Structures are given as structure tokens and as C-alpha cells.
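Q: quick one, fold the following:
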Amino acid sequence: MGACALLGDANISSGLESNATDVTAFSMPGWQLALWATAYLALVLVAVTGNATVIWIILAHQRMRTVTNYFIVNLALADLCMATFNATFNFVYASHNIWYFGRVFCYFQNLFPITVTFVSIYSMTAIAADRYMAIVHPFQPRLSAPSTKAVIAGIWLVALALAFPQCFYSTITVDQGATKCVVAWPEDSRDKSLLQYHLVVIALIYLLPLLVMFIAYSIIGLTLWRRAVPRHQVHGANLRHLQAKKKFVKTMVLVVVTFAICWLPYHLYFILGNFREDIYCHKFIQQVYLALFWLAMSSTMYNPIIYCSLNHRFRSGFRLAFRCCPWVTPTEEDKLELTPTPSLSMRVKRCHTKEILLMAGDVAPSEVPRGKAGGPQEGKPAEL
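A: Here you go, the predicted model:
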């Protein structure tokens, strides 16, 4: 970067920067530093608590262990790691512009942030693909448990490969007595290599997956909202099944849109910095950077809030997880929500039988036809 770069390369949150700087420290009033520290601490606490609870809800309850929810566990794990390692340590680095954490952690911080960012967004992409197959092509084979684990492992391996160049060129330097964690690209093609790598990373961990998800959810939305339920089933299980799918799609679209909004200003900041290095010469850029970095990192804490707000099973899970709090009172219904139930076909059959009884009125139970499930199943129910 340029000779007066302040924060152009101080961050290592997504590997889009090289951490080289010519200013040894930033002068920030104590009250200002305390405000930023409070904001980042609140972010980390909410993100870690929320995502850890999501992981517990899914893994500790058999009913929640579905293909889609395993990808949600992967997403929650990536967000938890992002908040724990990147938001915390990078805030300290950006606040003082001095690297306190040693050479090994310098390598780690230039490898791990790109990795977990990639895992986060491609877990969302995998969820979109799974929902696309379940809703648009309901009779096609679905992912099995081993296949789901293989996809998750593949996401992590590709993410590590993408982040490896940043880690490979990481090193520790001392600039005017201050220790720096630097990504030292080869001098002969440094500017060109840096720009190309930044653009490739942004394309792979932001633009491409968002485009894929936009197309997938657009097709899913058109398919669901055009799907009609037969009039005689308008109050039956098939209608509830369709409504559950719609609510799940709305939930995941909100998750994706939140991620896109949180990260867009951050990516634009570094793209601009590659073309206009003089923006890092302004004193106010430290505050701009800390604000944009907080916004990007805040994407890690919104998903649990969205799940809890829009999904009754996760809401029940959160009540059970925080039942020790005096203001939280779980009910028996909350426990039943996470308790394994009979198969979908049995539930549909029972619901259909109840509907016939209600319509027949005085028909004896023995006269009710058995074994009619009220129409063909349209794939699996929404799994969130």
C-alpha cells in the first residue's frame, strides 16, 4: 500500500488486505476506545451465545437433525468462529495498529477469516440448493447423511485452499518500533497480484454465491407461490406443509439479504482502497474502518435472532436453553416441539382422518376409511 496507509491493510478479517502500514499507532481518546470496545464486546457475546445455542438445539435434539439443519450448524459454527477470533483480535489490532499476538497467530489470522467467511456463505448456498431440489424437484433423490457430511467437508477444504495464498505470504515485520502482521506479496508483481487476489476472493465469497442464491430462491418462490392446494384440503396438512415451506424460504432469504447488506460496504471499502490509496491518509478513516468492520462482523449475530423470531421450533429451543433465566418460562409445548414424532405419512394420515371425522359428524370411527393420506406428498417438509 501507499506510504500513508493507515487502515488499508490493518484488517485481516476476510483476507482482503495485507496489513502493511507506515503508522505505528493511532491516537484515540479513551472514551472513544471504550465505546468501540463496548460495541465489539456486545457483538461477540451475542454472536457466540446465539450461534452456540443454535448448534445445541440442532445437535441435542434428534428431531432437528435434518440435512438442511446440518448446513445451518455449519453456518453457525463458522459465524461463531468469526466472532470469536476475527472480530476480537482484529479489533485490538485496528485500535492500536500494533500486532501483539505473535508469528503463529499472524499466519492463523490470515488463513482463518477467509476460510470461515467462505464456509458461511457456501453453507447458505448449500441450503438454497437443498431447498431448490426439495421444492422444485421433489421426486429427485435427496442428500443422505454421509453425502451431507462430504459436502460440508468439501466446503471447508475449498475454503482453506482459497485462503492459503494469504497465509503463505504472511510474515512479521517491525516498523518504527511497532510489530506488524504483514502479507508480503512478491515485489515484482505485488500491486497486480494483490488486486487480482482481492477481486477473485470477493467474487468467490460474495458475488458468485449471492447470484446463485438469488436465482435459486427466485425459482423456489415462483414455484411455491404458484402452487395451489385443492379446495377440500384448504384446512389440511398439505396447506400447513406449503405454509411451512414458504416461511422457511422467507427465513433463509432474510438471512442471505442480511449477510449481503452487512458485507457490501466492507468489500467496497477495500476495492476503493486498491484504486485510491490516498483514502487511507485521512485521520477519520480509522472510525470509518471500525464502523464498516463492525457492520461486517455483525452478520454473525443476526442469524440466531432471525431463527428465533421466525421459527417456532428454534424459539422453543431458545426457551429451553435459557430456562435458567427468570424471565424465560418454557412450556410443555416447547419440549414437544423438539421431541421426535411419527413420520410425515403418519401425521398426514392422522390429520386427514380427523378432518373426515369433523366433516362426517355422526359417522362412527369404525366407518372412517383407513390408509388415505389425502393426496400425494410434495417432497419433505421445511426442515428448519
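Q: so where's the stretch 251-384 of the chain uncertain?
A: Judged by pLDDT under 70, the stretch 251-384 of the chain has its weakly predicted residues at 276-282, 341-384.
Q: what's the following helix or strand after the longest helix anywhere in the chain?
A: The residue-count maximum for a helix in the chain (DSSP state H) belongs to helix 237-275. Moving toward the C-terminus from helix 237-275, the next helix or strand (DSSP states H and E) is helix 285-297.
Q: what's next to the following helix or strand past that next one, contact-wise?
A: Note on helix 285-297: by DSSP H and E, the next helix or strand toward the C-terminus is helix 299-310. Outside helix 299-310, the residues that touch it by CB atoms under 8 Å, 6 or more residues apart in numbering are 43, 46-47, 50-51, 53-54, 72, 75-76, 79-80, 82-83, 87, 120, 247, 250-251, 254-255, 258-259, 262-263, 314-315, 318, 384. (C-beta placed from N, C-alpha, C; glycine too.)
Q: one more pass at 6 Å, please.
A: Helix 299-310 has contacts (CB atoms under 6 Å, 6 or more residues apart in numbering) with 43, 46-47, 50-51, 54, 79, 82-83, 251, 254-255, 258-259, 262, 314-315, 318.
Q: chain center to stretch 314-326: distance?
A: Distance, stretch centre to chain centre, for stretch 314-326: 22 Å (CA atoms, centre = their mean, to the nearest Å).
Q: repeat for stretch 85-95
A: The answer for stretch 85-95 is 20 Å, by CA atoms, centre = their mean.
Q: average pLDDT for that stretch?
A: For stretch 85-95, mean pLDDT is 87.
Q: for that stretch, buried residues please.
A: Across stretch 85-95, burial judged by 16 or more other CB atoms under 10 Å covers 85-91, 93-95.
Q: now do the SS call for Thr171.
A: State at Thr171, reduced to three classes by DSSP: H, G, I helix; E, B strand; the rest coil: strand.
Q: can you report how many residues lie near it?
A: Counted by other CB atoms under 10 Å, the residues lying close to Thr171 total 14.
Q: pLDDT score assigned to it?
A: The per-residue pLDDT of Thr171 was computed as 86.
Q: low-confidence ranges in the stretch 51-200 of the chain?
A: Filtered on pLDDT under 70, the stretch 51-200 of the chain yields the residue ranges 188-193.
Q: just the strands in it please.
A: With strands called from DSSP state E, counting those that start in this stretch, the stretch 51-200 of the chain shows them at 170-175, 178-183.
Q: ranking those by burial, who's on top?
A: Of those, the one with the most neighbours on average (mean count of other CB atoms under 10 Å) is strand 178-183, at a mean of 21.
Q: for it, packing partners?
A: Where contact means 3 or more CB pairs under 6 Å, 6 or more residues apart in numbering; DSSP states H and E, strand 178-183 is packed against strand 170-175.
Q: got CSV for the buried residues of stretch 85-95, with distance to Gln287 too?
A: Shown next, in CSV, are the buried residues of stretch 85-95 (distance: CB to CB, whole Å):
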residue, distance to Gln287
Phe85, 23
Asn86, 19
Ala87, 17
Thr88, 19
Phe89, 20
Asn90, 16
Phe91, 13
Tyr93, 16
Ala94, 11
Ser95, 11
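Q: now, which of those residues lie within helices?
A: Among the buried residues of stretch 85-95, the members found in helices (DSSP H) are 88-91, 93-95.
Q: wait, which of these is closest to Tyr132?
A: Checking those against Tyr132 by CB to CB gives Asn90 as the nearest, at 35.0 Å.
Q: tell me where the stretch 101-250 of the chain has helices.
A: Ranges of helices in the stretch 101-250 of the chain, per DSSP state H, counting those that start in this stretch, are 102-136, 145-168, 190-202, 208-226, 237-275.
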